[in-house]
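> Fold the following.
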Amino acid sequence: MKNSFIFRLMIFFIAGLMTAAAQEAAPNWGTDVNVKPESGKYYKNVRTAVAYDGTVYLGRLSADAPAGPYMKWEVFKSTDGGRNWDDFIGGTLGASDYSAFDMITAGENASDFRLYVARAYVNDTETKLRATNYTADGTSTALSFDDYSVTPYSSSRGFVSLSWATDSRKPNYVSSPYSISLAASVSTPGSDKVICWTTDDPTLNFIEKELYSTLNFVGDVDATIGVDDFNSDFGRLGVVFMIKSGSADENGKLYTRFVYPDNGDEASYSGPYLVGEDDYIYSSPTIAMSQVVGGTSGPGVDDIRTLIAYSKQTASGNKDVAFSYSDNMILNEPSFTASTTIDGDSGDQMNPHMIFDPLFNNFLLTYNKASAKTLPYMLKGLNTTLADSFFVFKDNFRDATSSPAVPIQPRVEMSNPESNAVFAWNDDYKSMFDAEYFMGTAEVETTDLLVYPNPVSDILNIKSQKGIETVELTNMLGQIVIRSKELNDQKLNVSSLAPGVYVLKVVFGNGNTQVVKVMKR
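Take a look at the predicted model:
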């Protein structure tokens, strides 16, 4: 049994400084980028990932018709924040139909950086998973479970969904140099399964672990790794997955499982745990866990807070995006049955995706609000309660001038060098990209606004050569906690505020507005 409860005192410190951003004249966002379109091609499973140096990768599956077969996978990279894209890697395999694809970046420097790519295909003779990592120059290394195959079956659905997870941004104490895991849902003639492969040393073999087996049908799967070194040297690999009563069903029940990411051993409380109600009304599950290193004790901080978001069918037939969470991942048995709707405006909200931002200690969420034809970008602070709603940081990062088209499956990822969010999504079978504070277009101007220190304990300096009209500081509940029309020596006293994440809105004399995330210690 692991010694998973090692208590020690460490100093909590996060360094960060957010400076130049875009003016509201270009709504703090760039124009949507249609990435490397090719005439007559259709794309799905669009994914994005960001390297330690800010290089952005976008991957996808490609076909000649919307219904497939999707016979090609491809990855592009951008070194200018997403304005221009170059070919990176890709491949085809005869007449094989790629059924699932995912990728993730890991590594905090040039020596340990890798892009991990998983893709699965099915044909008349086999169902197979390919798993490879790539260095920045494209050198490939097959992982230990590459070429994993299931029983050949001409009509098998094969691999349904793939999801990578890593603690690269905040490694477990025992990671070398980080943990990396892949979760998969696969349909075979005998039974459907949820499987993971995991390791704390990517240069060695991955451990295979079967997480769930059923005579029903598996659906989407999502994975994440949580970190907390205040109570435990060992993180948690969390996997949420959907079980359907019929292979073609849109909805199903949701379950989650937890194991140690270093070797796949069962955690003290491993599950499976039911998420939400015991009913086939859920789809598109996504999971995120806190990654706090050197933290202090307290709810959400020292217990690997775990959030699960999903689309839930209502009695009227619409769908709402809702979420459940638990703070009992180390010392107690978790429960995910309680649920809170994220947006009270019911009406076909779907395909949520969520990650944890370890720099500002909040959860980032996006989803398709089909009723309003928007893609919201929301934040939820680490210490907020289940009843506290997500803060709407951007109600629509999708270019409002473009014509709405389905399917839309947004993804959010973090750019560590700038601490900005990047987004990729399918849009009428195109692969689209946009970014927070995106500087890649000529229409976007930069400002001289300087906000420091960030994180801040007492005095926040807000400096600009342009005239500042007002400043507002808003918490993650959307409440304005400080509003000032006159800054005393360009300083804002925040010492009385509770620790957490806030949004600073600066309005200049010309009417332009700039928004910056601020961490209060």
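> give me the number of residues near Arg130?
The local packing of Arg130 (other CB atoms under 10 Å) involves 19 other residues. Bear in mind the C-beta positions are built from the backbone N, C-alpha and C, glycine included.
> Who does it form a beta bridge with?
Note on Arg130: beta-bridge partners by DSSP bridges are Arg119.
> Does it touch Leu143 like I think?
No: in this structure Arg130 lies outside contact range of Leu143 using CB atoms under 8 Å: 9.1 Å.
> Just list what the helix or strand hosting Ser311 packs against, helices and strands only.
In the assignment (DSSP states H and E), Ser311 maps to strand 306-313. Counting contacts by 3 or more CB pairs under 8 Å, 6 or more residues apart in numbering; DSSP states H and E, strand 306-313 packs against strand 236-244, strand 253-259, strand 282-289, strand 319-326, strand 349-357, strand 362-369.
> which other helices and strands contact the very next helix or strand once past the shortest one?
Heading C-terminal from strand 253-259, the first helix or strand you meet, by DSSP H and E, is strand 273-275. Using 3+ CB pairs under 8 Å, 6+ apart as the contact criterion, the elements in contact with strand 273-275 are strand 253-259.
> Ok, which of the helices and strands packed on strand 306-313 comes nearest Phe159?
For Phe159, the closest of the helices and strands packed on strand 306-313 is strand 236-244, at 12.8 Å, according to CB to CB.
> who does the closest one pair up with?
Applying DSSP bridges, strand 236-244 is found paired with strand 217-228 (antiparallel), strand 253-259 (antiparallel).
> now, of these, which is deepest in the fold?
With neighbours taken as mean count of other CB atoms under 10 Å, the strands paired with strand 236-244 reach their highest mean count in strand 217-228, at a mean of 27.
> and the direction of that one versus that of strand 282-289, what angle?
Strand 217-228 runs at 20 degrees relative to strand 282-289, counting by axes from the mean of the first three to the mean of the last three CA atoms, to 10 degrees.
> low pLDDT regions in the stretch 201-350 of the chain?
Along the stretch 201-350 of the chain, segments meeting pLDDT under 70 span 295-299, 345-346.
> Count residues in the vicinity of Ala110, would you?
11.
> Can you tell me the SS state at it?
What DSSP: H, G, I helix; E, B strand; the rest coil gives for Ala110 is coil.
> what about stretch 46-62, average pLDDT?
For stretch 46-62, the mean per-residue pLDDT is 96.
> Stretch 356-371 too?
Mean predicted lDDT for stretch 356-371 stands at 89.
> Quick check: the closest residue to Pro171 other than its chain neighbours vs Ala435, distance?
In this structure, Pro171 finds its nearest non-sequential neighbour in Tyr178, 4.6 Å apart by CB to CB, 6 or more residues apart in numbering. As judged by CB to CB, to the nearest Å, Tyr178 and Ala435 stand 24 Å apart.
> can you pull the contacts of Asn34?
Listed by CB atoms under 8 Å, 6 or more residues apart in numbering, the contact partners of Asn34 are Lys430, Ser431, Met432.
> Can you tell me which of the residues you listed end up in strands?
Secondary structure assignment by DSSP state E places Lys430, Ser431, Met432 of these in strands.
> most surrounded residue in these?
Most neighbours among the ones in strands among the contacts of Asn34, by other CB under 10 Å: Ser431, with 29 neighbours.
> Report the beta-bridge partner residues of that one.
Under DSSP bridges, the beta-bridge partners of Ser431 are Asn426.
> Does it touch Arg411 like I think?
No: Ser431 lies out of contact with Arg411 (CB under 8 Å); the separation is 10.6 Å.
> where do the contact lists of these two overlap?
The contact sets of Ser431 and Arg411 overlap at Val46, Ala424, Trp425 (CB under 8 Å, 6+ apart).
> rewinding a little: Gly158 is nearest to which of the strands paired with strand 236-244?
Taking CB to CB, strand 217-228 is the member of those nearest to Gly158, at 11.1 Å.
> Keeping just the C-alphas, turn the closest one into CSV.
Output in CSV follows, covering the C-alpha atoms of strand 217-228 (Å, rounded to 0.1, in the frame of the first residue of the first chain):
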residue,chain,number,x,y,z
PHE,A,217,-21.9,0.2,-25.0
VAL,A,218,-19.1,2.7,-24.2
GLY,A,219,-19.2,6.3,-25.3
ASP,A,220,-17.0,9.4,-24.8
VAL,A,221,-14.1,9.3,-22.3
ASP,A,222,-12.1,12.1,-20.8
ALA,A,223,-9.0,12.0,-18.5
THR,A,224,-7.1,14.3,-16.2
ILE,A,225,-4.4,14.1,-13.5
GLY,A,226,-4.7,15.9,-10.2
VAL,A,227,-1.8,16.9,-8.0
ASP,A,228,-1.6,17.8,-4.3
